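**Q** the sequence and its predicted three-dimensional model are supplied below.
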Amino acid sequence: MCYPPPSMKSLIAFEATARLGSMTAAADEERATQPTISQRIRALEETLGLPLFDRQGGRLVLTPLGERFYREMAPNLKAIREACERVIHQGARPSPSVSIAAGAGFTHLCLLPLLPTLKQAFPTLTFKLVTVDRADDPELQAADIAIRFGPYIPQEEAVLLAKEAVFPVCSPDYAHSQGLTGTLTTAQLSRLALLHQDIKDPRWLDWAQWCQQAGMGLTTPRDEVFAYHNYALLLNAALAHQGVALGWSPLVKEYLASGQLVALSPCVTRDDYGYWLSVKHHRSAVIAPVSDWLIKAIG
């Protein structure tokens, strides 16, 4: 036989009264009147077909069946309350999302290691990292925070995160095996395994351009060059003692600090080249603090 379920209001009134020991206290908690609470409990008892409280002697005491019913239903009612509160909280206050766009190397080597600390600093925000490898990529323009590598652009309102500094890096074991200390010479370069990246972007220096900037010659035939598809793979090869790579200071900073890579000289810089941070909405109360945090953390 199917019995009609009791109303939620009557269950809430019973649970509060049993927990607090008084209909008056339950009425205060539920912002109702004492007669209303009493009426709801009476309706619950009629639905269940048994008394839940012993009202004799002017005291309100749970009957044995009422005590058992309270122990079984109270945890479930609490779970329902908590579930409702979570849904209401999430629906009423969605977490603002901040998108950060940057090149693949910068995203992988700079932003991802910072992400846990960034989330701790802004626990109410969600972050989306967008990888872009072209300066004219629409996603770079659409991002809340954009980090671009290249020369200074006068018409762009941007903050210099890090000036370009490019120098050779390799593992300590490779440096020791080749007798590399301090400044590289042209003669040393000619016998080293130089690690190349498949770059078709004029913003980035390859070995030939770096040597030209450093005043050194490079005689490696182009048909003997193996080029890695991305900068992370290139650094993995350097970490695996396979040769010498060009290191951009923000991208190799953690590897140098941990001793996994060592820096050699000379160091090449170009005027007005570096990593530039710009924001889509300058006065946003959400984005501005995140932008300031990144400038301090990376700069």
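**A** Structure received.
**Q** for the rest of this, base every contact and every neighbour count on C-alpha atoms.
**A** Noted.
**Q** my guess is residue 150 meets residue 201, correct?
**A** No - Residue 150 is beyond contact range of residue 201, at 10.3 Å (criterion: CA atoms under 8 Å).
**Q** those two: which has the busier surroundings?
**A** More neighbours surround residue 150 than the other of residue 150 and residue 201, with 17 against 11 (other CA atoms under 10 Å).
**Q** can you report phi and psi for the more buried one?
**A** Main-chain torsions, residue 150, degrees, to the nearest 10: phi 150, psi -160.
**Q** any idea how far it is from residue 169?
**A** 21 Å (CA to CA, to the nearest Å).
**Q** also residue 182?
**A** Counting by CA to CA - residue 182 and residue 169 are separated by 11 Å.
**Q** overlap of the contact sets of these two?
**A** Contact criterion CA atoms under 8 Å, 6 or more residues apart in numbering; residues bridging residue 182 and residue 169 by contacting each: residue 264.
**Q** who has more neighbours out of those two?
**A** Applying other CA under 10 Å to residue 182 and residue 169 shows that residue 169 carries more neighbours, namely 26 against 10.
**Q** look at the more buried one and give its secondary structure.
**A** strand (DSSP: H, G, I helix; E, B strand; the rest coil).
**Q** for the closest residue to it other than its chain neighbours, list the residues it contacts.
**A** Leaving aside its sequence neighbours, residue 169 sits nearest to residue 263 (CA to CA, 6 or more residues apart in numbering; 4.7 Å). Neighbouring residues of residue 263 by CA under 8 Å, 6+ apart: 167, 168, 169, 170, 256.
**Q** pLDDT score for the most centrally placed residue in the chain?
**A** Centroid-nearest residue in the chain, with CA atoms, centre = their mean: residue 115, separated by 4.0 Å. Note on residue 115: pLDDT of 93.
**Q** cool, and residue 155?
**A** Confidence score, pLDDT, at residue 155: 75.
**Q** likewise residue 212?
**A** pLDDT at residue 212 comes out at 90.
**Q** repeat for the one 4 residues further on
**A** Model confidence at residue 216, given as pLDDT, is 86.
**Q** let's number from 31 now, not from 1
**A** That works, and once the first residue is 31, the last one we named lands at residue 246.
**Q** these two touch, right, it and residue 217?
**A** No - with contact defined as CA under 8 Å, residue 246 does not reach residue 217; the gap is 9.5 Å.
**Q** which one's more surrounded, the two?
**A** The neighbour comparison of residue 246 against residue 217 (other CA under 10 Å) goes to residue 246, with 16 against 11.
**Q** unless I'm mixing things up, residue 173 is touching residue 132, no?
**A** No - when contacts are counted by CA under 8 Å, residue 173 is not listed as touching residue 132 (9.4 Å).
**Q** hey, what's in contact with both of these two?
**A** Between them, residue 173 and residue 132 share the contacting residues residue 160, judged by CA under 8 Å, 6+ apart.
**Q** which of those two has more neighbours?
**A** Ranked by neighbour count (other CA under 10 Å), residue 173 and residue 132 place residue 132 first, with 28 against 21.
**Q** show me where the stretch 181-329 of the chain has strands.
**A** Here the stretch 181-329 of the chain has its strands, by DSSP state E, counting those that start in this stretch, at 189-193, 196-200, 226-227, 257-258, 275-278, 292-293, 303-309.
**Q** mind checking which of those is nearest residue 78?
**A** Smallest distance to residue 78 across the strands of the stretch 181-329 of the chain (CA to CA): 62.8 Å, for strand 303-309.
**Q** can you pull out the residues in contact with that closest one?
**A** Contacts with strand 303-309, where a contact means CA under 8 Å, 6+ apart, come from 173-182, 186-194, 317-318, 321, 325.
**Q** can you say which of these are buried?
**A** The neighbour count (16 or more other CA atoms under 10 Å) marks 173-182, 188, 190-194, 317-318, 321, 325 as buried among the contacts of strand 303-309.
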